[in-house]
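Chemist: return atomic coordinates for the entry below.
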Amino acid sequence: MIEPAKVNKQHDLHMRSRKQIELTGVQNVESFDSEEFLLRTELGHLTIRGTHLHIKNLSLENGILSLEGNVHSLIYLDPGTQGKNKGILRKLFK
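Modeler: Residues are numbered from 1 along each chain as shown. Model (predicted):
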């Protein structure tokens, strides 16, 4: 039996003084504004929250994103849990 080839997923995040972030392994920028970025990375969705956030450099072809601003939080969502979170929120707000 032939096993499917394992794909090595790469995603790195470097932050300097909570003011600059450099990311690799970025597949898409789902949404963004000056207070929140929602990204799809090789290892799941990432939400970056802060103030005065803006894109310094973006290359989706190379999977690179650089941001500047005041970073308050970084939140990763596991690929399989996003649907579950929506279900819980729907139950709470009914």
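Chemist: any idea how far Phe32 is from the residue nearest to the spatial centre of the chain?
Modeler: Within the chain, one residue has its C-alpha closest to the average C-alpha position: by CA atoms, centre = their mean, that is Leu46, at 2.5 Å. Leu46 sits 12 Å away from Phe32, going by CB to CB, to the nearest Å. For the C-beta atoms, the positions are set from N, CA and C on the backbone; glycine is no exception.
Chemist: about what we covered before: A helix includes the residue nearest to the centre of the chain, no?
Modeler: No. Per DSSP: H, G, I helix; E, B strand; the rest coil, Leu46 lies outside any helix segment and is strand.
Chemist: pretty sure Leu77 contacts Gly44?
Modeler: Yes. Here Leu77 lies in contact with Gly44, judged by CB atoms under 8 Å, at a distance of 5.7 Å.
Chemist: report the contact partners of Leu67.
Modeler: When contacts are counted by CB atoms under 8 Å, 6 or more residues apart in numbering, Leu67 touches 20-21, 23, 37, 48, 53-56.
Chemist: bridged to it, which residues?
Modeler: With beta bridges defined as DSSP bridges, Leu67 has these partners: Ile21, Ile55.
Chemist: next: Thr47.
Modeler: Those that pair with Thr47 in a beta bridge, by DSSP bridges, are Leu38, Ile75.
Chemist: what's the burial count for Asp12?
Modeler: Asp12: 13 surrounding residues under other CB atoms under 10 Å.
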